[in-house]
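Visitor: dropping a prediction and its sequence here:
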Amino acid sequence: MNNNEVEDELELDEYQNEQNQVMIQTHEKINQNLCGEIIKMEEGYVELSLETIPDMLADDVGLIHGGFIFGSADYAAMLAVNERNVVLVASDCQFLSPVKLHDVVDVIAKVRHKEGRKRNVHVQAFVLDIKVFEGEFKTVITDKHVLKLKLLDAEEQKSGTPKAQRKKS
């Protein structure tokens, strides 16, 4: 077993309990009624099931707002990465078919690429055998919670001007 295999095993151990089930490390407070219930979860892979409800309606005809489908796909991507401080930085997605009230949407997410702190996740969603959504989600794992990162120094926040652009007094 080489060093990379040992490191991968050690990483996996951090996310499994004694029954070898992957433990959720991120987005623990998500309302699964609005984002999907976890059906299967493995390292780098997750399946969700989203049952559409009246709170998701966009109109009186029964169309489900696409934001709920995107939210479920985003949630699946975060769970596939399963790092405490994972954040979405970009996505490229397509809504392929409408979803209606009482449809059950099956969402599948798989990590396709790892590079340092970056993860690319491919997500697909189906109603029965019809693909309704497909997307690539680009994520980054940060050292701290995104709301606790110091993104700008105090002067930049006050002046709105980056330090490098300010004149020396």
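Guide: Everything's here; your move.
Visitor: quick one: low-confidence parts of the chain?
Guide: The model of the chain has pLDDT under 70 over residues 1-20, 151-169.
Visitor: mind running it again at 50?
Guide: Residue ranges of the chain with pLDDT under 50: 6-17, 19, 169.
Visitor: can you map out the strands along it?
Guide: Assigned by DSSP state E, the strands in the chain fall at 37-42, 45-51, 86-95, 104-115, 118-127, 130-141.
Visitor: nearest to L149, out of those?
Guide: Across the strands of the chain, L149 has its closest neighbour in strand 86-95 (9.5 Å, C-beta to C-beta). All C-beta spots, glycine's among them, are computed from the backbone N, C-alpha and C.
Visitor: ok, and what's touching that closest one?
Guide: Outside strand 86-95, the residues within contact range by C-beta atoms under 8 Å, 6 or more residues apart in numbering are 26, 66, 69-70, 73-74, 77-78, 119, 123, 132-142, 146.
Visitor: again with stretch 25-45
Guide: For stretch 25-45, the surrounding residues in contact (C-beta under 8 Å, 6+ apart) are 12, 15, 21-22, 24, 46-51, 53, 55-56, 68, 71-72, 74-76, 78-86, 105-111.
Visitor: using PDB, write out every CA atom in that stretch.
Guide: C-alpha atoms of stretch 25-45 as PDB (Å, rounded to 0.1, in the frame of the first residue of the first chain):
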ATOM      1  CA  GLN A  25     -19.900  16.400   8.100                       C
ATOM      2  CA  THR A  26     -21.700  19.300   6.400                       C
ATOM      3  CA  HIS A  27     -25.000  21.100   6.000                       C
ATOM      4  CA  GLU A  28     -26.500  19.300   9.000                       C
ATOM      5  CA  LYS A  29     -29.300  21.800   9.400                       C
ATOM      6  CA  ILE A  30     -30.800  21.500   5.900                       C
ATOM      7  CA  ASN A  31     -34.500  20.900   5.700                       C
ATOM      8  CA  GLN A  32     -34.600  17.600   3.900                       C
ATOM      9  CA  ASN A  33     -38.300  18.200   3.100                       C
ATOM     10  CA  LEU A  34     -37.100  21.000   0.800                       C
ATOM     11  CA  CYS A  35     -33.700  19.700  -0.400                       C
ATOM     12  CA  GLY A  36     -34.100  15.900  -0.400                       C
ATOM     13  CA  GLU A  37     -33.800  12.900   1.900                       C
ATOM     14  CA  ILE A  38     -30.500  11.000   1.900                       C
ATOM     15  CA  ILE A  39     -31.000   7.500   0.400                       C
ATOM     16  CA  LYS A  40     -27.400   6.400   0.000                       C
ATOM     17  CA  MET A  41     -24.200   8.000   1.000                       C
ATOM     18  CA  GLU A  42     -20.600   6.800   0.300                       C
ATOM     19  CA  GLU A  43     -17.300   8.600   0.100                       C
ATOM     20  CA  GLY A  44     -17.600  10.900  -2.900                       C
ATOM     21  CA  TYR A  45     -21.100   9.800  -3.800                       C
END
